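Trainee: any chance you can model this:
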Amino acid sequence: MLRRIIEASVRNQFLVILAVIVIIGVGIYAIKKIPLDALPDVSDVQVILFTEWPGQPPQIVEDQITYPLTTTMLSVANAKVVRGYSFFGLSFVYIIFEDGTDIYWARSRVLEYLSFVQNQLPPGVTPVLGPDATPVGWIFEYALVDHSGKHDLSELRSLQDWYVRYQLQTVPGVANVASVGGFVKQYQINIDPNRLLAYKIPLSKVIHAIRRSNNDVGGRVVEYAETEYMVEGIGYIESLEDIEQIPVAVDDTGTPILVRDLADVRLGPDIRRGAVDLDGQGEAAVGIVEMRYNNNALSVINRVKQKLEELRPGLPDGVEIIPIYDRSALIHRAQDTLKGKLIEESIVVALVCVIFLLHLRSALVAIFILPVGILMAMTVMYFQGLAANIMSLGGIAIAIGAMVDGAIVMIENAHKHLERDRGKKPHKEIIIDATKEVGPALFFSLTIIAVSFLPVFALTGQSGRMFAPLAFTKTYAMASAALLSVTIVPILMVYLIRGKILPEAKNPVNRFLSWVYRPLLSKALRWRWLVLVGALATLLLTLIPYQRLGSEFIPPLNEGDLLYMPSMLPGVSITEASSVAQ
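Mentor: Numbering: from 1, shown residues only. Modelled structure (predicted):
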């Protein structure tokens with residue numbers, strides 16, 4: 001069958017060449033559109049439940065929120081691990097799902113079970129789902145800095161929360177923009193208990209009065225001059241003075257008792273659970289951009305940068321947005337390194353082909369396999385949804401040396417046939433006979449190399465997610481080379497293997513290597529038992545360094561960015577933590 005494919009390819013050159021041109025075009029399109037990242041995402045599929053209960057200690061949060069949620073989420077389909085964490089006023093529950101679970105299916109299942117457990121939680125407490133972001137989706141971070149000295153940290157944080165964050169959340173691919181650092185502005189009512197006692201007013205009455213006064217109410221419709229007018233009572237609080245003027249009760253003389261008579265009303269910061277220090281120059285308001293699942297990290301980062309440029313004119317005078325973490329730099333460095341190595345490998349393979357064949361046009365046949373095979377592998381990657389990263393491109397790098405094996409052997413065999421039959425048969429028939437003689441065996445040998453990484457696909461969990469891209473791309477590259485070796489390579493050989501071809505025996509490189517190799521081979525065959533014993537002894541000696549080797553999941557990766565997060569004793573104050581960080 002393979003012999004028929006080879007002969008049919010040479011007989012129908014136009015169709016094969018046209019198919020290769022189409023493959024090249026689709027491959028170029030795939031390279032431009034394929035997602036780019038530095039490393040494969042090895043994180044588990046997880047859904048986060050976040051609950052706020054202000055002012056409550058961790059133990060109460062644990063007993064009344066975290067425990068009911070974790071016990072209920074244990075029953076969610078495909079959930080393999082449920083972890084709960086309780087903090088001051090905060091509860092986090094992580095539900096980790098089996099491999100292959102769709103993230104949005106998992107989120108819908110969590111919402112179903114959340115409706116069951118809602119009645120078991122304290123009144124007014126409502127858990128919410130975390131963003132649909134991957135655990136390694138932290139792709140960009142920026143800080144708002146004031147160079148004029150006119151804006152304090154609370155104003156910068158408000159600018160981040162109510163202007164920058166909302167704009168960035170409209171960027172396609174952004175799952176969430178988290179705010180860190182600075183001060184969250186609060187309207188604070190500091191009630192004097194002595195005044196309450198003097199007026200004989202309970203605290204609950206003050207709370208009820210403030211809550212009642214901070215709302216809008218609708219009325220009825222008034223018809224006037226053939227037009228309907230809606231009656232509405234506008235009562236939302238807009239300033240500190242509005243709070244101070246809220247009536248709570250009346251005294252014995254009928255004089256209204258206002259909030260200002262009972263409390264001191266002012267603006268102040270919310271309780272802080274974290275702080276950010278920027279380069280030792282002081283605290284800053286920071287935004288963290290998280291990417292949605294299965295998105296192109298580089299494209300999302302570029303869109304975020306573009307949006308930030310659009311927001312700059314709307315910032316107050318003296319306020320600037322400074323990027324402090326940008327994963328695109330790491331992605332570009334990783335891609336540039338791999339591209340450089342791929343080019344270097346291709347050049348080395350080309351030089352080896354030219355040196356050993358001593359026929360440039362014949363070497364071009366073998367070299368042609370590399371770019372087309374890589375384009376075919378990248379095309380399959382794109383339609384499969386694999387991202388181009390260190391591991392996936394590494395699989396192509398591993399395969400480059402073996403991709404040209406079939407073409408080189410076919411070229412060598414064609415040279416032999418031309419030495420023997422040139423002038424006796426047509427040139428095309430000589431090439432067809434030469435390729436049909438070795439083509440099927442070479443196809444199967446390349447196919448065997450292609451399936452050599454199949455055991456990697458049996459890996460599960462983080463190991464599978466880390467190494468599967470490498471196995472996929474290496475398999476695709478070798479399969480592409482096997483297919484090209486029995487289709488386009490014979491056609492190229494017909495056109496390029498012409499002119500004066502130097503016999504193998506007259507190639508000085510081959511003659512030198514044969515001169516070195518033949519005596520060694522002869523002695524090895526004569527002393528074969530000694531050679532076998534020496535090989536076995538060498539194999540046994542490798543056990544000593546093997547037992548002393550360390551182990552690591554992945555090698556160290558220097559991102560080029562430094563984020564200092566000191567570990568301190570539990571219960572450390574925010575003031576002390578900020579001092580240590582600075």
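Trainee: show me where the stretch 301-450 of the chain has helices.
Mentor: 327-357, 360-384, 390-403, 405-421, 427-450 (DSSP state H, counting those that start in this stretch).
Trainee: got the buried residues for the second one?
Mentor: By neighbour count, with 16 or more other CB atoms under 10 Å as the criterion, the buried positions of helix 360-384 are 361-363, 365-370, 372-382. (Each C-beta comes from the backbone N, C-alpha and C, glycine too.)
Trainee: the shortest one now?
Mentor: Using 16+ other CB under 10 Å as the burial criterion, the residues of helix 390-403 that qualify are 390-400, 402-403.
Trainee: which one among these gets closest to Pro316?
Mentor: For the buried residues of helix 390-403, the closest approach to Pro316 (CB to CB) belongs to Ile390, at 41.7 Å.
Trainee: do I have it right that that closest one meets Ile331?
Mentor: No - the criterion here is CB atoms under 8 Å, and Ile390 misses it with Ile331 at 9.8 Å.
Trainee: thought Ile411 was touching Val365?
Mentor: Yes - when contacts are counted by CB under 8 Å, Ile411 is listed as touching Val365 (5.9 Å).
Trainee: need the residues touching each of those two.
Mentor: Common neighbours of Ile411 and Val365, counting by CB atoms under 8 Å, 6 or more residues apart in numbering, are Met493, Ile497.
Trainee: if we can go back for a sec, next, format the helices of the stretch 301-450 of the chain as a markdown table and append distance to Ile103.
Mentor: Output for the helices of the stretch 301-450 of the chain, formatted as a markdown table (distance: least, CB to CB, whole Å):
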| stretch | distance to Ile103 |
| --- | --- |
| helix 327-357 | 20 |
| helix 360-384 | 18 |
| helix 390-403 | 21 |
| helix 405-421 | 42 |
| helix 427-450 | 32 |
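Trainee: make a markdown table from the ones you listed and add distance to Asp270 and mean pLDDT to it.
Mentor: Putting the helices of the stretch 301-450 of the chain into a markdown table (distance: least, CB to CB, whole Å; pLDDT from 0 to 100) gives the following:
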| stretch | distance to Asp270 | mean pLDDT |
| --- | --- | --- |
| helix 327-357 | 30 | 79 |
| helix 360-384 | 47 | 84 |
| helix 390-403 | 42 | 81 |
| helix 405-421 | 66 | 79 |
| helix 427-450 | 59 | 79 |
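Trainee: closest one to Glu309 among the ones you listed?
Mentor: helix 327-357 (14.6 Å).
Trainee: residues that sit against both of Ile390 and Ile331, list them.
Mentor: With CB under 8 Å, 6+ apart as the test, Ile390 and Ile331 both reach Ala38.
Trainee: what is the burial count for Leu262?
Mentor: 25 (other CB atoms under 10 Å).
Trainee: I should have written Met73 there, sorry.
Mentor: Met73 has 22 nearby residues by other CB under 10 Å.
Trainee: separation between it and Ser115?
Mentor: Distance, Met73 to Ser115, using CB to CB, to the nearest Å: 12 Å.
Trainee: cool, and Arg526?
Mentor: For Arg526, the distance to Ser115 - CB to CB - is 82 Å.
Trainee: can you check Ala577 too?
Mentor: On the measure of CB to CB, Ala577 and Ser115 end up 38 Å apart.
Trainee: and the strands in the stretch 51-200 of the chain, which stretches?
Mentor: 79-87, 90-97, 128-129, 133-146, 174-180, 185-191 (DSSP state E, counting those that start in this stretch).
Trainee: make JSON lines from the ones you listed and add mean neighbour count, mean pLDDT and distance to Ser154 to it.
Mentor: Formatted as JSON lines, those follow (neighbours: other CB atoms under 10 Å; pLDDT from 0 to 100; distance: least, CB to CB, whole Å):
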{"stretch": "strand 79-87", "mean neighbour count": "17", "mean pLDDT": "91", "distance to Ser154": "23"}
{"stretch": "strand 90-97", "mean neighbour count": "22", "mean pLDDT": "93", "distance to Ser154": "21"}
{"stretch": "strand 128-129", "mean neighbour count": "12", "mean pLDDT": "91", "distance to Ser154": "25"}
{"stretch": "strand 133-146", "mean neighbour count": "21", "mean pLDDT": "88", "distance to Ser154": "11"}
{"stretch": "strand 174-180", "mean neighbour count": "18", "mean pLDDT": "90", "distance to Ser154": "12"}
{"stretch": "strand 185-191", "mean neighbour count": "15", "mean pLDDT": "89", "distance to Ser154": "5"}
